[in-house]
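**Student:** below: sequence and its predicted model.
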Amino acid sequence: MERYATTRRRPLPATSSTAVPSTEPTTGSGSGAITSVLNALRILEYIGTLQPVGVSELSRQVRLPKSSVQRAIMTLDQAGWIRSVEGDRTQWCLTSAMLRISLQAFGEYSLRDYAESAMTELQRRTNETVHLVSLDGDSGLVLHRLDSSQAVRAFVPVGTRSPLHATASGQAILAFLPEKQAREILSGSLNTYTGTTITDLDAQMERLECVRGRGYAVNVAEWREEVASVSSPILSINGTAVAALTISIPLSRFSEEVAEKFGGWAKELAESLGPVQVN
């Protein structure tokens with residue numbers, strides 16, 4: 001049995017409890033912290049949330065001058081944490097450096113290897129993009145991805161943190177956590193992303209009951225416009241969720257019939273992995 005450890009990511013100073021970083025500039029006064037480092041880390045978090053994103057947008061989000069943001073970006077680029085994206089204007093996205101460190105800290109490499117066979121079979125059956133998402137504090141963390149071969153496909157970059165309440169993977173994980181823990185997470189992270197995002201706590205808790213009953217979750221454009229997803233949890237030996245197998249589907253190919261068929265396959269293959277032992 002593969003073994004891995006799950007730990008909550010320690011939040012950065014001046015960062016909110018939600019998946020979106022704080023918009024308050026970091027001063028670091030009286031804390032002994034280095035202000036420029038804290039601001040660079042906040043910028044890094046925002047790049048992860050908004051990628052690809054340019055300097056102007058980052059400046060607005062973190063409420064720092066463009067010159068300060070530009071210096072931080074140049075430093076992060078030279079350090080190998082971010083890279084520029086080709087296009088009409090320069091934008092930035094994360095490299096895999098953060099993911100490598102995160103996975104080493106969380107011991108998730110073994111989980112990725114553990115789920116590989118189920119992901120491969122799920123991608124073969126659906127010919128849609130399949131993601132492996134683990135719990136990372138009050139967010140999901142995309143650990144691994146197998147892409148669809150179709151010209152139009154939906155995917156999320158590896159290393160992205162995703163909102164639990166607005167994704168199928170998040171719902172699948174939350175449904176198989178202790179109710180108190182799920183409610184605490186949802187209470188602090190019910191942001192609106194699209195016109196279909198459910199932000200009512202009681203409605204979210206009721207939905208989790210449905211997910212537990214059928215063994216998979218369905219999301220229709222609650223986080224990303226024009227993208228649906230279906231997900232089933234990977235459980236530990238005590239029955240709580242540690243990750244989820246998720247199928248991302250363009251809305252143009254999505255239907256209730258597809259959700260039911262893909263959900264059944266996701267549940268079957270997640271269960272085929274057996275319970276994961278957590279150290």
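**Tutor:** Okay, I see it.
**Student:** run through the stretch 101-250 of the chain and note the low-pLDDT ranges.
**Tutor:** By pLDDT under 70, the low-scoring segments of the stretch 101-250 of the chain are 101-109.
**Student:** try 50 this time
**Tutor:** Residues of the stretch 101-250 of the chain meeting the criterion pLDDT under 50: none.
**Student:** please enumerate the strands of it.
**Tutor:** In the stretch 101-250 of the chain, strands defined by DSSP state E, counting those that start in this stretch lie at 129-136, 139-146, 161-163, 217-220, 227-235, 241-250, listed in chain order.
**Student:** quick check: angle from the second one to strand 227-235?
**Tutor:** Translated: strand 139-146. Taking axes from the mean of the first three to the mean of the last three CA atoms, to 10 degrees, one finds that strand 139-146 is oriented at 100 degrees with respect to strand 227-235.
**Student:** strand 139-146 packs against which elements?
**Tutor:** Here strand 139-146 touches helix 97-106, helix 109-126, strand 129-136, strand 161-163, helix 168-175, going by 3 or more CB pairs under 8 Å, 6 or more residues apart in numbering; DSSP states H and E. In this view, the C-beta of every residue, glycine as well, is placed from N, C-alpha and C.
**Student:** next one: that strand to chain centre, how far?
**Tutor:** On the basis of CA atoms, centre = their mean, to the nearest Å, strand 139-146 is displaced by 6 Å from the centre of the chain it belongs to.
**Student:** ok, that strand: who's next to it in the sheet?
**Tutor:** strand 129-136 (antiparallel), strand 161-163 (antiparallel) (DSSP bridges).
**Student:** swap in the fifth one?
**Tutor:** Taking DSSP bridges as the criterion, strand 227-235 forms sheet pairs with strand 217-220 (antiparallel), strand 241-250 (antiparallel).
**Student:** isn't Ser84 right up against Leu76?
**Tutor:** No: with contact defined as CB atoms under 8 Å, Ser84 does not count as touching Leu76 (11.0 Å).
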